[in-house]
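Trainee: Sequence first, then the predicted structure:
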Amino acid sequence: MAQIFLKIALLATSFAATPLVAQRPTGYPRSYDQLISDARAERQVRIYGNADRAELLPVVVAFRKRYPGITVLYADLGSTEMYRRFVTETRARKLSADLVWSSAMDLQVKLINDGFAQGYASPEKPALPPVSVWKNMGFGVTAEPIGIVYNKRLVPAGQVPRTHAALETWLRKNVGALTGRVTTFDPARSNVGYLYLSEDMAITRDTRSLLEAIAATRPVLSRTSEPMLRGVAEGRQAIAYNVIGSYALERARTDPRIGVAFLQDYTIVTSRIAFIAREAAHPAAAKLFLDFLLSREGQSLLAKRSLWPVRTDVAARRLPSSQARPIRVGPQLLVNLDRVKRQRFLRDWTAILATGAKAQ
């Protein structure tokens, strides 16, 4: 872990010669001066996150310019590993993250609900959508759509489905050609995959019929986004369903083989939730970094990559409100972690896969 932190720390040290002077952001209360002073005394902030380090580096550099002398130590972890590591370290009273920032919305809400977070009235809260803040503890930082990714050679532009119903029709019509060439998250191994399918089910009962059409292709199931993106890019799969849009769009920037589409009848919009650890060793620095992530400057820097910002007063690509279905940050996400509900869902999923395989 120390080595992971060290790499990011070294990237941030280029501003070490900058005078240790930081100004309070415009519009912040005078009391913020003391918070800045406390953070400077702490000298660092430790972050556990699952946003790619390349995505976060411009934010870290800008933060260091504004608050020189505060080193950002960032560990890029998978959501499940992050959850387990943070809980284990905190319970053992070992040094852990000051700020935890993850796309696994349900796990983040569970950590907050279980008492692992501390409250903080961020000066940026009034600029955030109400659905993105819970109990002054959980803050949704991004608004990332979940879409489909397709291989441009295998799926011509005119054939790309634009709605869930069109996707189901296309799958059934081309089931022979698509056998083994459709990929999606495995909800049994992926928390986010389970979350997205649960949201699909909650939005429309037609989801089951779509899943049956996917199952008939004998899909390739994945635990993470990367194998899906790589498989589609290399042509081993033709299309991927329920892919995290930020990852897909960033890949598409440099890989002309793949296309990204957001289904027009509805698109799930997820958020990376951040909270300050209850036992944070550097709480003041964590508050500064959280505020910077939520500020117009921080959000604008995220928007220049592929992490769509949660703020609506920042110039960025966003979906029409009639299309976007944002997942609210709040206790309803805990329902997805109910063991009985999850077991029932996965039994149903397994049955759908078996039925689809027999149909083929």
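Mentor: Sure thing, it's come through. Residues are numbered from 1 along each chain as shown.

Trainee: how about the helices in the stretch 1-150 of the chain?
Mentor: 2-11, 32-42, 53-66, 79-91, 105-113 (DSSP state H, counting those that start in this stretch).

Trainee: Go through the shortest one and flag the buried ones.
Mentor: Okay, so that is helix 105-113. By 16 or more other C-beta atoms under 10 Å, the buried positions in helix 105-113 come out as 105-113. For every residue, glycine as well, the C-beta is placed using N, CA and C.

Trainee: Could you state which residue of this structure sits nearest its centroid?
Mentor: Most central in the chain under C-alpha atoms, centre = their mean is Ser103, positioned 3.0 Å from the mean C-alpha point.

Trainee: Now that residue. Nearest residue, chain neighbours left out?
Mentor: Arg272 (4.8 Å; C-beta to C-beta, 6 or more residues apart in numbering).

Trainee: Can you read off the pLDDT for the one you found?
Mentor: For Arg272, the model assigns a pLDDT of 94.

Trainee: any idea how far it is from Gln44?
Mentor: Distance from Arg272 to Gln44, counting by C-beta to C-beta, to the nearest Å: 22 Å.

Trainee: More neighbours: which of those two?
Mentor: When neighbours are counted by other C-beta atoms under 10 Å, Arg272 comes out ahead of the other of Arg272 and Gln44, with 25 against 17.

Trainee: distance of that one from Val192?
Mentor: 11 Å.

Trainee: need the longest strand for the chain.
Mentor: Using DSSP state E to define each element, the chain has its longest strand at strand 144-151.

Trainee: Mind giving me the packing neighbours of it?
Mentor: Counting contacts by 3 or more C-beta pairs under 8 Å, 6 or more residues apart in numbering; DSSP states H and E, strand 144-151 packs against helix 225-233, strand 239-244, helix 245-254, strand 258-261, strand 267-270.

Trainee: So Arg30 versus Lys287, what's the distance?
Mentor: 16 Å.

Trainee: So between the two, which is more surrounded?
Mentor: Lys287 (25 against 7).

Trainee: Surely that one touches Ile276?
Mentor: Yes: under the criterion of C-beta atoms under 8 Å, Lys287 makes contact with Ile276 at 6.4 Å.

Trainee: Need the overlap of contacts for those two.
Mentor: Tyr120 (C-beta atoms under 8 Å, 6 or more residues apart in numbering).

Trainee: residues of the helix ranked longest in the chain that come out buried?
Mentor: Longest helix of the chain, by residue count under DSSP state H: helix 339-359. Of the residues in helix 339-359, 342, 345, 349, 352-353, 356 count as buried by neighbour count, 16+ other C-beta under 10 Å.

Trainee: tally of neighbours for Ser102?
Mentor: Ser102: 26 neighbours (other C-beta under 10 Å).

Trainee: In terms of pLDDT, where does it sit?
Mentor: 93.

Trainee: With Pro19 instead?
Mentor: 45.

Trainee: what's the answer for Arg30, then?
Mentor: 94.

Trainee: Identify the residues contacting the closest residue to it other than its chain neighbours.
Mentor: Among residues not flanking Arg30 along the chain, Arg24 sits closest, at 7.4 Å (C-beta to C-beta, 6+ apart). By C-beta under 8 Å, 6+ apart, the residues touching Arg24 are 30, 32-33, 36.

Trainee: can you pick the most crowded of those residues?
Mentor: Ile36 (22 neighbours).

Trainee: So it versus Gln299, what's the distance?
Mentor: In terms of C-beta to C-beta, Ile36 sits 20 Å off from Gln299.

Trainee: What of Tyr241?
Mentor: Counting by C-beta to C-beta, the gap from Tyr241 to Gln299 is 29 Å.

Trainee: Thought Ala104 was touching Ile327, still the case?
Mentor: No: with contacts counted by C-beta under 8 Å, Ile327 stays clear of Ala104, the gap being 11.5 Å.

Trainee: pLDDT weak spots in this protein?
Mentor: 1-22, 356-360 (pLDDT under 70).
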